[in-house]
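K.L.:
Could you look at this predicted model? Sequence included:
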Amino acid sequence: MASRSLFEQTEQDNLQRAQPLAARMRPSRLDEFVGQLHFLGEGKLLRRLIRADRLGSVVFYGPPGTGKTTLARILATETRCRFQQLSAVTSGVKELREVLREARDELAAEGRKTLLFIDEIHRFNKAQQDALLPDVEEGVVTLVGATTANPFFAVNSALVSRSQIFQLEPLPPADVKTLLQRALRDVPRGLGRFDVRITEEALDYLSEVCDGDARRALAALEIGVLSGGRPPIAFDRQLAEESVQRKAVQFDADGDAHYDTASALIKSIRGSDPDAALYWLARMLEGGEDIRFICRRLIILASEDIGNADPQALPLAVAAMQACEFVGLPECQLTLSQAVTYLACAPKSNAATVAIAEARRDIREHRLLPVPRQLRDSHYGGARKLGHGQGYQYAHQDPSGVVAQDYLGVEREYYRPVERGFEAELAKRLQQIRQQLKSAAPL
């Protein structure tokens, strides 16, 4: 019996040594977990749920390497649940139903609940997600789903409504650095036996370049140590750079990164910050964003957020689109940079945007106004008999180009120019025009 136990331990040790550093360093207790203090800090919701033994189903939503799988395993330990894991990529309804049956049997026979962790839960189809509902509702399993996609769009609304949603953020460099230092000190699981002499500059570089992905940082550290020669290993900035693969910018054309980054670009231009706008533009270009999509967004912004404060913004955005079509990548990045910086620095006005929205709301919510008779089409036989066009005054016959004439039949002011850029001049001109127009009695 002792020999069998020794044999099993040897197998376990061999399997552990084959694991990458990130898997070996995975914390097993809540107090070892680093980051996500916005819901795991003292007094925060998830920690309170664990302490009160009231943990229900949860969905962890966030980018890779932020601790979703690790946290699921810790929750099973903290709540004394049996841990079962499925991948939505490789598992079907059959495997899911088998796991749920085992969970029900375990609960009936042993009184022990099962924590079912489903990775990439958004990849389950509706039938698979629906199959979870009865056992989730009855408490047979505690469901922990992990997803990189926004669960409010990608996960069955019935499941979302029965789950707490926790959004995991990319780890800040300080937290990544803590994990790297822990791995360098740890002897049984980490790299403590290698006598690594790492510089602060190398640690800072690895902590920054991983973009908050702890798994990526630990993988680079392990590569550097294992390829660094005999101990003591001099781990400097150069070795750190050589150990990190070129980053793949997370950018799914149909996912959150696509819409979030586009939103950041537009809001930075609207907020008149060309430097931030250039960063988000570069992020989109590095991620392989469709150039036409960027150009469409810039054209919309030129009218929506700049308008008549700078009437050149719209033709410039249209010209940028035409130039990008003609030139293509990589050179059209120069055109986009020029357009983005111009639009960011241009005076801003949404007066035209607000005006058309108010006018359309009037159309939807109030009685439709008849076209005043003097404005009606008079270019056909019989129009005169109907009185169409009678009393119309041709504006060009007045020296000012404006005549006292009612064009609507009621008093409305939709367009309110701002005191910025060229629109400030329009505001003065419009004030005079409206005074002249108002001198006409409504018909």
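P.N.:
On my side now, so go ahead.

K.L.:
what about the residue nearest to V418 when sequence neighbours are not counted, helix or strand, and which?
P.N.:
Of all residues not flanking V418 in the chain, S349 sits nearest, at 4.5 Å (CB to CB, 6 or more residues apart in numbering). (Each C-beta comes from the backbone N, C-alpha and C, glycine too.) Under DSSP states H and E, no helix or strand contains S349.

K.L.:
Does S349 touch G421 like I think?
P.N.:
Yes - look at S349 against G421 with CB atoms under 8 Å: they come within range, at 7.0 Å.

K.L.:
Identify the residues contacting the helix or strand hosting Q435?
P.N.:
For Q435, the host element (DSSP H and E) is helix 421-438. With CB atoms under 8 Å, 6 or more residues apart in numbering as the test, helix 421-438 has contacts from 307-311, 346-349, 351, 400, 402-407, 411, 413, 415, 417-419.

K.L.:
Which parts of the stretch 201-350 of the chain are helices?
P.N.:
Taking DSSP state H, counting those that start in this stretch as the test, the helices found in the stretch 201-350 of the chain are 214-226, 237-243, 256-270, 274-286, 291-301, 313-327, 332-345.

K.L.:
Does anything pack onto the helix or strand harbouring A127? Which helices or strands?
P.N.:
Element membership for A127, per DSSP H and E: helix 126-137. Helices and strands touching helix 126-137, as assessed by 3 or more CB pairs under 8 Å, 6 or more residues apart in numbering; DSSP states H and E, comprise helix 93-110, strand 141-147, helix 157-161.

K.L.:
So for the longest one, what gets flagged as buried?
P.N.:
Just to be clear, that refers to helix 93-110. In terms of neighbour count (16 or more other CB atoms under 10 Å), helix 93-110 has its buried residues at 96, 99-100, 103, 106-107.

K.L.:
Equivalent analysis for the shortest one, please.
P.N.:
Neighbour counts using 16+ other CB under 10 Å place 159-160 of helix 157-161 among the buried residues.

K.L.:
And the contacts of the helix or strand just after it?
P.N.:
Moving toward the C-terminus from helix 157-161, the next helix or strand (DSSP H and E) is strand 164-167. Strand 164-167 has contacts (CB under 8 Å, 6+ apart) with 36, 39, 45-46, 49, 56-62, 151-152.

K.L.:
Mind checking the pLDDT average for stretch 291-305?
P.N.:
With pLDDT averaged residue by residue, stretch 291-305 scores 95.

K.L.:
Which residue, other than its chain neighbours, is closest to L285?
P.N.:
Q333 (5.8 Å).

K.L.:
quick one: secondary structure of L86?
P.N.:
Classification of L86 using DSSP: H, G, I helix; E, B strand; the rest coil returns strand.

K.L.:
Tell me what it is bridged to.
P.N.:
Counting by DSSP bridges, L86 is bridged to I118.

K.L.:
isn't it right next to V99, touching?
P.N.:
Yes - counting by CB under 8 Å, V99 is a contact partner of L86 at 6.3 Å.

K.L.:
and the contacts of strand 164-167, which of them are in strands?
P.N.:
If you go by DSSP state E, the contacts of strand 164-167 have 58-61 in strands.

K.L.:
What about these, which one has the most neighbours?
P.N.:
Most neighbours among the ones in strands among the contacts of strand 164-167, by other CB atoms under 10 Å: F60, with 29 neighbours.

K.L.:
so which strand or helix has L116?
P.N.:
Here L116, judged by DSSP H and E, is contained in strand 114-119.

K.L.:
Who are the packing partners of that strand?
P.N.:
Checking 3+ CB pairs under 8 Å, 6+ apart, strand 114-119 ends up next to helix 68-78, strand 82-87, helix 93-110, strand 141-147.

K.L.:
could those be laid out in CSV, adding mean pLDDT?
P.N.:
Listed next are the helices and strands packed on strand 114-119 as CSV, based on pLDDT from 0 to 100:
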stretch, mean pLDDT
helix 68-78, 93
strand 82-87, 92
helix 93-110, 90
strand 141-147, 92
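
K.L.:
for those, which one sits closest to L179?
P.N.:
Proximity to L179 (CB to CB) singles out helix 68-78 among the helices and strands packed on strand 114-119, at 10.9 Å.

K.L.:
Which parts of this protein belong to which domain?
P.N.:
Here the domain assignment for the chain is 36-167, 173-243, 256-345, 371-438, based on automatic domain parsing.

K.L.:
Can I get these in JSON lines including distance to I363?
P.N.:
Shown next, in JSON lines, are these (distance: least, CB to CB, whole Å):
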{"stretch": "domain 36-167", "distance to I363": "32"}
{"stretch": "domain 173-243", "distance to I363": "48"}
{"stretch": "domain 256-345", "distance to I363": "20"}
{"stretch": "domain 371-438", "distance to I363": "11"}
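
K.L.:
Can you tell me, leaving aside adjacent residues, what's nearest to C332?
P.N.:
C324 (4.1 Å).

K.L.:
what helix or strand does S28 sit in?
P.N.:
Assigned by DSSP H and E, S28 falls outside every helix and strand.

K.L.:
Identify whichever of the helices and strands packed on helix 126-137 lies nearest to R215.
P.N.:
Nearest of the helices and strands packed on helix 126-137 (CB to CB): strand 141-147, 13.4 Å.

K.L.:
any idea of the angle the closest one forms with strand 82-87?
P.N.:
Orientation of strand 141-147 against strand 82-87 (axes from the mean of the first three to the mean of the last three CA atoms, to 10 degrees) gives an angle of 40 degrees.

K.L.:
Quick check: neighbours of strand 141-147 in the sheet, parallel or antiparallel?
P.N.:
Partner strands and pairing direction for strand 141-147 (DSSP bridges) are strand 58-61 (parallel), strand 114-119 (parallel).

K.L.:
correct me, but Q84 touches V99?
P.N.:
Yes - counting by CB under 8 Å, Q84 touches V99, with 5.4 Å between them.

K.L.:
Overlap in contacts, the two.
P.N.:
Common neighbours of Q84 and V99 (CB under 8 Å, 6+ apart) are 114, 116.

K.L.:
out of the contacts of helix 421-438, which are buried?
P.N.:
Buried among the contacts of helix 421-438 by 16+ other CB under 10 Å: 307-310, 346-349, 351, 403, 405-406, 415, 417-418.

K.L.:
quick one: the spatially closest residue to T335 that is not a sequence neighbour from A344, how far?
P.N.:
Distances taken as CB to CB, 6+ apart place A323 nearest to T335, at 4.6 Å, with adjacent residues excluded. Distance, A323 to A344, using CB to CB, to the nearest Å: 18 Å.

K.L.:
Between these two, point out the one with more neighbours.
P.N.:
A344 (22 against 18).

K.L.:
Correct me if wrong: that one contacts K267.
P.N.:
No - using CB under 8 Å, A344 is not in contact with K267, being 10.8 Å away.
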